[in-house]
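Peer 1: I would like the atomic coordinates for the input below:
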Amino acid sequence: MDDRYERALSKVPEVTLGFWIIKILATTLGETGGDTVTMTLNWGYLAGTALFAVLLVALVVAQVMSKRFHPVLYWSTIVASTTFGTTMADFADRSLGIGYTGGSTLLLVCLAAVLGLWYATEGTVSVNTVSTPRVEAFYWGAITFSQTLGTALGDWLADTGGLGYEGGALVFAAALAVVVALYYRTSVSRVTLFWAAFILTRPLGATVGDFLDKPVADGGLNLSRPLASAVIAAFIVALIVLLPQRAGQHPTEGAQASR
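Peer 2: This is a model prediction of the structure:
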């Protein structure tokens, strides 16, 4: 096994059911944690976005500089990207006044641009290629834009779409179920399905997070944001400790061909 492949395996976790459970919890924590800073602590969207941007950049740099897969570092970076995504989407939607539809459209264009540039440069967007600083920059850029887009989509469907937080969560859960069915029943590109699932888990977590901490009058449970964040974070830590956390091979076109 060559050094490039070893390094790719050592920097990203194996995609298992546990991976997706932790990912959804991380996206929910991103929503409640971001709201804690911007709303409960009253930092506002701009200051909150700046805070989490600095944290995200620091963690991405540490992730890129690491020589192998570190579960705590990897998931801390994921949580930072979801929290930054929450505050950035809220800043774009509300402070900049472009609304949920405008924010979602802008973020979709940004995500498509990152994935397009990644594909044009490397010939693939498979996370198996995450073995150099340049590709890791594409990887974390795509993740961050997908997290931010997910927040905007969740808010757009719940508020502008009129479905509420519960309805929005059900829609995104149903969409994820379709992705799972496509994975097991068809030969659709595993790379495409991975990114579809990764993107869809963000608005699912966002709507669940909003359901937990938004006022009852707005369709939420009005739970304490700091308390909800602490409980979710404790669950994530427990799962990281209890569930196997090993570097592993992600879905690739080669895996698709072998199915």
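
Peer 1: just checking, Leu153 touches Thr105?
Peer 2: No. Between Leu153 and Thr105 there is no contact under CB atoms under 8 Å: 10.4 Å. (C-beta placed from N, C-alpha, C; glycine too.)

Peer 1: more neighbours, these two?
Peer 2: The residue with more neighbours, out of Leu153 and Thr105, is Leu153; 27 against 15, by other CB atoms under 10 Å.

Peer 1: the helix or strand hosting that one: what's the following helix or strand?
Peer 2: Assessed by DSSP states H and E, Leu153 sits inside helix 133-155. The C-terminal neighbour of helix 133-155 among helices and strands, as given by DSSP H and E, is helix 164-185.

Peer 1: report all helices and strands that that following helix contacts.
Peer 2: Here helix 164-185 touches helix 190-213, going by 3 or more CB pairs under 8 Å, 6 or more residues apart in numbering; DSSP states H and E.

Peer 1: go again using 10 Å as the cut-off
Peer 2: Packing partners of helix 164-185 (3 or more CB pairs under 10 Å, 6 or more residues apart in numbering; DSSP states H and E): helix 17-35, helix 133-155, helix 190-213.

Peer 1: just the mean pLDDT for the first one, thanks.
Peer 2: The one in question is helix 17-35. Averaged across helix 17-35, pLDDT comes to 91.

Peer 1: helices and strands around that helix, which ones?
Peer 2: Under the contact definition 3+ CB pairs under 10 Å, 6+ apart, helix 17-35 sits against helix 45-65, helix 71-90, helix 133-155, helix 164-185, helix 190-213, helix 225-242.

Peer 1: cool, the second one as well?
Peer 2: Packed against helix 133-155, as judged by 3+ CB pairs under 10 Å, 6+ apart, are the following elements: helix 3-11, helix 17-35, helix 45-65, helix 71-90, helix 99-122, helix 164-185, helix 190-213.

Peer 1: any weak-confidence spans in the protein?
Peer 2: Low-confidence segments of the chain, defined by pLDDT under 70: 1-10, 161, 219, 248-259.

Peer 1: ok, back up a step: flag every buried residue along the helix holding Leu153.
Peer 2: By neighbour count with 16 or more other CB atoms under 10 Å, helix 133-155 contains the buried residues 135-136, 138-155.

Peer 1: how about stretch 87-106?
Peer 2: Across stretch 87-106, burial judged by 16+ other CB under 10 Å covers Thr87, Met88, Ala89, Asp90, Phe91, Ala92, Asp93, Gly99, Tyr100, Gly103, Ser104, Leu106.

Peer 1: show me the contacts for the residue nearest to the fourth one when sequence neighbours are not counted.
Peer 2: Put plainly, it is Asp90. Using CB to CB, 6 or more residues apart in numbering and skipping residues adjacent in sequence, the residue nearest Asp90 is Tyr45, 5.0 Å away. Counting by CB atoms under 10 Å, 6 or more residues apart in numbering, Tyr45 touches 34, 37-39, 86-96.
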